[in-house]
Every structure is written in structure tokens, then in C-alpha cells.
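>>> what shape does this take:
(chains A and B)
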Amino acid sequence: MKNLDSVLAAYLAGWAIFFVYYVSVAQRMSTLREEVERLKSLLTKGK
Amino acid sequence: MGIIQKIFYLHVSSALSSFVAFAVCFYANLRYVFTRQAKSDWLGVSAAEVGLAFIFVVLITGPIWAHPVWGIWWTWSPRLTLTFVLGLLYVSYLLLRSMIEEPDKRALFSAIFGIFAFLDVPLVYFSIRWWRDQHPTPVIMGGPGSGLEPRMRVSYLLMWGALTGLLILLMHARYKLEALRASVEELRREAEVQ
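Here you go, the predicted model:
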């Protein structure tokens, strides 16, 4: 089928962008959660 | 046009979803300027970043469609140029935020910038109605003679519904991230005081 490769490329690229963006949000979230835990334990020790 | 037409569903739905995200960003920015509530700032940055992801999809799927149909990947026509500028404006919005450390100043400056950045959205939307353009004429709300064939309309609405769901999900996740970032800044300040 003519141009099927273009259609596949467009959909792959599109969904890849959404997936990579979601992964980047999840990773940043996980880093911040670790930072919250670290700061909370630091503050508890300081009291 | 053949099977290449199928790109339309992802391309146009992503474009409309990005406009929705930028409209939410505009509303949040205006709200921040008048109320100075941190939550409006969080909503603004969340909507801008998610809208940017959608506009990247538009800027990538467009040339993939254009190459076999037009014989070129890109042309600097009004619609394409204004869409490219829209992407650059929201990249600048995020860069501006990363350059200002003081939270209130960062929120206010980016809100003002965001309000002006949104002015490009109606320009992108109306560009193919106002000026001659290589880009296809509008098929949705394009006036007499425009419109989608019924089966195409169902596919299009399904795709737009799915992408709107994804938009809400991503904005919700990004908003939670921003709230967490604010908690970290607060805890850091407490730790510095101690």
C-alpha cells in the first residue's frame, strides 16, 4: 500500500512523543518524592 | 489522497488539543495576574508544557504528511510559520521560568509572557482563512462546502476524544508534579532556617 510507511512513521512518532513526555513527568515526580523524603528526615533530625 | 489521509486524524486532533491546552494556560496566567494564587501558576505551566508536547506532534506529523502529498517536507507559509512560532513561544515560556529563581517573580513574569504568547493561537487558527496558504483549507467549521464524510467524522471525533482524555491525564500528572516541586521549595526553606 502506497505511503503506508509514512502513516506508520507519523503515528509512531506521535505516540512516542506522548510516551516519552509521560515518562519524563514520572521520572521528575519520582526524583521530587525522594527529595521530599530526604528533606523531611533532615528536618526531623534537626528538631 | 489514499491512506496518507489517515495522518489527518492525529495531526488535526493534536492541533486542536494543543489549542485547548494553551487556552487553559492563558486562563491560568490571567488568573494568576489578578489573584496571585500559586495554584494558577501551577496550572499555567502544566498546560503550557503539555500543549507543547501536542504541538511537537503537529510539527512532526505535518511534514510526514506533506512530503508524499506536496513533494516537500516544509514551506514557510503563514499557517506553518505561525505554528512553528507557537512552539517557539511556549519553549521560551518554559525557558523564562527556568531562568528566574524567585517563585513569585517567576510566576508573574511567565504569566505576562504567557498571556502574550496565546495571541498566536487565533492567528494560527485563522491564518488559512485570512491568507493564501499551501496548507489545506479548513474541513471543520470551514463554511459552506466544507465538512467531513460521516465515517471520517466518527473516526475524527473518536481520535479527538482520546487525545482530549490524554491531555487531561497529562495535565493532571504535570500539575501534581508542580505541587510537589512547591512542597520541596517550602521544605528547603524550612531546612535553611534550621
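
>>> residue B:3 contacts residue A:8, correct?
No - Residue B:3 lies out of contact with residue A:8 (CB atoms under 8 Å); the separation is 10.0 Å. Quick note: C-beta positions are derived from backbone N, CA and C, even for glycine.

>>> all helices for chain A, in order.
In chain A, the helices defined using DSSP state H lie at A:4-46.

>>> poorly predicted segments of it, please.
Counting by pLDDT under 70, the ranges of chain A that qualify are A:47.

>>> likewise for chain B?
In chain B, residues with pLDDT under 70: B:140-146.

>>> one more pass at 50, please.
Of all residues in chain B, none has pLDDT under 50.

>>> what parts of it come near chain A?
B:2-4, B:6-7, B:10-11, B:14, B:50, B:53, B:56-57, B:60-61, B:64-65, B:67-68, B:166, B:170, B:173-174, B:176-177, B:180-181, B:183-184, B:187-188, B:190-191, B:194 (CB under 8 Å from any CB of the partner chain).

>>> now the buried members of those residues.
B:4, B:6-7, B:10-11, B:14, B:50, B:53, B:56-57, B:60-61, B:64-65, B:67-68, B:166, B:170, B:173-174, B:177, B:180-181, B:183-184, B:187 (16 or more other CB atoms under 10 Å in any protein chain shown).

>>> ok so, going back, out of the residues of chain B next to chain A, list just those in helices.
Short answer: those in helices (DSSP H) are B:7, B:10-11, B:14, B:50, B:53, B:56-57, B:60-61, B:64-65, B:67-68, B:166, B:170, B:173-174, B:176-177, B:180-181, B:183-184, B:187-188, B:190-191.

>>> how many neighbouring residues does the spatially closest residue to residue B:10 that is not a sequence neighbour have?
Closest residue in space to residue B:10, ignoring its immediate chain neighbours: residue A:14 at 5.0 Å, by CB to CB, 6 or more residues apart in numbering or on different chains. Using other CB atoms under 10 Å in any protein chain shown, residue A:14 has 23 other residues around it.

>>> what comes up buried for the one helix or strand residue B:93 maps to?
If you go by DSSP states H and E, residue B:93 is part of helix B:78-99. Within helix B:78-99, the residues that count as buried by 16+ other CB under 10 Å are B:78-80, B:82-84, B:86-87, B:89-90, B:93, B:96-97.

>>> now swap in stretch B:44-54 and tell me
B:44-54.

>>> distance check, the closest residue to residue B:82 other than its chain neighbours against residue B:112.
Nearest residue to residue B:82, sequence neighbours excluded (CB to CB, 6+ apart): residue B:124, at 4.6 Å. Applying CB to CB, to the nearest Å, the value for residue B:124 to residue B:112 is 21 Å.
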